[in-house]
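Chemist: what follows is a predicted protein model with its sequence.
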Amino acid sequence: MSLKRVGIITGGGDCSGLNAVIRAVVRAAIIQEGAKVIGIETGFEGLIFNRTQELTIRSTRDILTLGGTILGTTNKGDPFSYREIGADGSMVIHDYSEKAIDVFNALDLDCLFVVGGEGTLELGYKFYRRGVPVIGIPKTIDNDLHKTDYTFGFQTAVQVACDALDRLHTTGKSHQRVMILEVMGRNAGWIALEAGIAGGAHIILIPEIPYNLEYVLNKIRFRERGGSPFSIIMLAEGASEEGGSAVVTEAAETRLQGVEKLGGVGFYLAEQITKHIDLEVRCTVLGHIQRGGSPCSFDRTLGTRLGAYAVEAAANHEFGIMVALKTPDIISVPLAKLAGKVRTIPQDHQLIRTAESIGINLGRDRY
Ligand code: F6P
């Protein structure tokens, strides 16, 4: 037994499966190591301002199926560049990293489990280089992290998007409409492509393939001529037209967050289609529904495996790593290898070939 006290943080946007990870870390740390587990509240903000709670087997009972994170999270609060709005309305940026390290030391932790996406894991790596024994655990609905086959949260989001598509299918067909479903994923089209294939979309538009409006219109007309006067379009929020750029909204929030907020491309596309086609067009933006709620079984199992393995790695003093799924195994990879890069869909990915070979239009085929 080499661990006495360990800490865990959930940072960045939430997703389903975070509580499964917390529960697994708590149980493995207590059962295997007899360690105490300290939960840091609201991401790295909790480390800066010393907001913590002890996590026990009792306090984490019944959270396996619960969405969100019992620790809270934020996608603001970077300790190296902490943004605050001053009394006069101007923005002030503080470097609170030293303060956060002092709190870590005062908590007397052997290890810090950092559960997050690309941004949070990059912060974890920065702290590791400053001497904090960090182990990263990959999460995000976007599935855009390198060095892991899947991130937990993704499959749940795909299922939610697929269910939405099934519902849009029946109403769209009944009313002879073009139904657009805009899904999340930031600059990666994983959710749109997987859920679009699973939900039988006729057109799937992803950031990796800028779409040609003419070809999208062709597909809708082609279907109409063939006796199907309705079409289902699965659209990733980061998709853009050839020569255009993604639609960005809610710019005000970026002041504190420092990240562009995508969304709204669905309404833009609806307007474009309406100008050229007589069918009615409707757009649904699925938004945060993809992030909330109970995790699917795949994400519960993956989260549990990652959490338990992370404790094993900590007991072996393996730090500066991220635990990852390399099917069928959980392995560790150096955090250094992630280096703030995101994984979009490669142009030659088999899912792209699969979609096009069965006639799904990705905005670059004539029909
Ligand atoms: O990264 C996860 C994600 O849900 C993206 O798919 C989306 O663009 C973004 O977060 C939304 O962020 P927020 O919760 O700040 O609106």
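Modeler: Looks like it came in fine. Numbers count the residues shown, from 1 in each chain.
Chemist: residue contacts, Ile30?
Modeler: Val37, Thr56, Ile57 (CB atoms under 8 Å, 6 or more residues apart in numbering). Every residue, glycine included, has its C-beta placed from N, CA and C.
Chemist: let's see 10 Å
Modeler: By CB atoms under 10 Å, 6 or more residues apart in numbering, the residues touching Ile30 are Val6, Lys36, Val37, Leu55, Thr56, Ile57, Thr60, Val311.
Chemist: now tabulate the residues you listed in a markdown table and tack on pLDDT, neighbour count and distance to the ligand.
Modeler: Below are the contacts of Ile30 laid out as a markdown table (pLDDT from 0 to 100; neighbours: other CB atoms under 10 Å; distance: CB to the nearest ligand atom, whole Å):
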| residue | pLDDT | neighbour count | distance to the ligand |
| --- | --- | --- | --- |
| Val6 | 98 | 28 | 26 |
| Lys36 | 98 | 18 | 31 |
| Val37 | 98 | 27 | 26 |
| Leu55 | 98 | 25 | 24 |
| Thr56 | 98 | 13 | 30 |
| Ile57 | 98 | 12 | 30 |
| Thr60 | 98 | 21 | 24 |
| Val311 | 98 | 27 | 26 |
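Chemist: check those residues and tell me the two furthest apart.
Modeler: Thr56 and Val311 (15.1 Å; CB to CB).
Chemist: excluding its backbone neighbours, what's nearest Ile204?
Modeler: In space, and not counting its chain neighbours, Ile204 is closest to Gly196: 3.8 Å by CB to CB, 6 or more residues apart in numbering.
Chemist: how is that neighbour assigned, secondary-structure-wise?
Modeler: helix (DSSP: H, G, I helix; E, B strand; the rest coil).
Chemist: number of residues surrounding it?
Modeler: By the measure other CB atoms under 10 Å, the count of residues near Gly196 is 31.
Chemist: so for it, what's the pLDDT?
Modeler: Per-residue pLDDT puts Gly196 at 98.
Chemist: what's around whichever residue of the stretch 51-200 of the chain sits closest to the ligand, how many residues?
Modeler: The stretch 51-200 of the chain approaches the ligand most closely through Met184 (3.2 Å), counting by CB to the nearest ligand atom. Number of residues near Met184 (other CB under 10 Å) recorded here: 25.
Chemist: list the contacts of the residue nearest to Ile204.
Modeler: Per CB under 10 Å, 6+ apart, neighbours of Gly196: 158, 161-162, 165, 181, 183, 189, 202-206, 232-236, 351, 355, 360, 362.
Chemist: which non-adjacent residue is nearest Asn50?
Modeler: In space, Asn50 is closest to Val103, 4.8 Å off (CB to CB, 6+ apart).
Chemist: correct me if wrong: the one you found contacts Ile48.
Modeler: Yes: at 7.0 Å, Val103 counts as touching Ile48 under the criterion of CB atoms under 10 Å.
Chemist: overlap in contacts of those two?
Modeler: If you check Val103 and Ile48 against CB under 10 Å, 6+ apart, the residues they both contact are Ile40, Pro79, Tyr96.
Chemist: now do the contacts for the last one.
Modeler: Think Tyr96. 44-45, 47-49, 77-82, 102-103.
Chemist: can you narrow those residues to ones near the ligand?
Modeler: When contact is defined as CB under 6 Å from any ligand atom, those do not meet the ligand at all.
Chemist: of those, which is the most crowded?
Modeler: Counting by other CB under 10 Å, top hit in the contacts of Tyr96: Leu47 with 31 neighbours.
Chemist: what sits against that residue?
Modeler: 7, 9, 11, 40-41, 77, 79, 96-97, 99-104, 107, 112, 114, 123, 127, 132.
Chemist: get me the contact residues on this protein for the ligand.
Modeler: Counting by CB under 6 Å from any ligand atom, the chain sits next to the ligand at 13, 75, 117, 140-142, 184-186, 237, 261-262, 291.
Chemist: export those to JSON lines and tack on secondary structure and pLDDT?
Modeler: JSON lines is the format used below for these (DSSP: H, G, I helix; E, B strand; the rest coil; pLDDT from 0 to 100):
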{"residue": "Gly13", "secondary structure": "coil", "pLDDT": "95"}
{"residue": "Asn75", "secondary structure": "coil", "pLDDT": "87"}
{"residue": "Gly117", "secondary structure": "coil", "pLDDT": "95"}
{"residue": "Thr140", "secondary structure": "coil", "pLDDT": "97"}
{"residue": "Ile141", "secondary structure": "coil", "pLDDT": "98"}
{"residue": "Asp142", "secondary structure": "coil", "pLDDT": "97"}
{"residue": "Met184", "secondary structure": "coil", "pLDDT": "97"}
{"residue": "Gly185", "secondary structure": "coil", "pLDDT": "97"}
{"residue": "Arg186", "secondary structure": "coil", "pLDDT": "94"}
{"residue": "Glu237", "secondary structure": "coil", "pLDDT": "96"}
{"residue": "Lys261", "secondary structure": "coil", "pLDDT": "83"}
{"residue": "Leu262", "secondary structure": "strand", "pLDDT": "89"}
{"residue": "Arg291", "secondary structure": "coil", "pLDDT": "97"}
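Chemist: how about JSON lines for the residues you listed, with distance to Tyr268 added?
Modeler: As requested, the residues of the chain next to the ligand are exported to JSON lines (distance: CB to CB, whole Å):
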{"residue": "Gly13", "distance to Tyr268": "23"}
{"residue": "Asn75", "distance to Tyr268": "25"}
{"residue": "Gly117", "distance to Tyr268": "26"}
{"residue": "Thr140", "distance to Tyr268": "25"}
{"residue": "Ile141", "distance to Tyr268": "22"}
{"residue": "Asp142", "distance to Tyr268": "21"}
{"residue": "Met184", "distance to Tyr268": "16"}
{"residue": "Gly185", "distance to Tyr268": "17"}
{"residue": "Arg186", "distance to Tyr268": "17"}
{"residue": "Glu237", "distance to Tyr268": "11"}
{"residue": "Lys261", "distance to Tyr268": "15"}
{"residue": "Leu262", "distance to Tyr268": "12"}
{"residue": "Arg291", "distance to Tyr268": "23"}
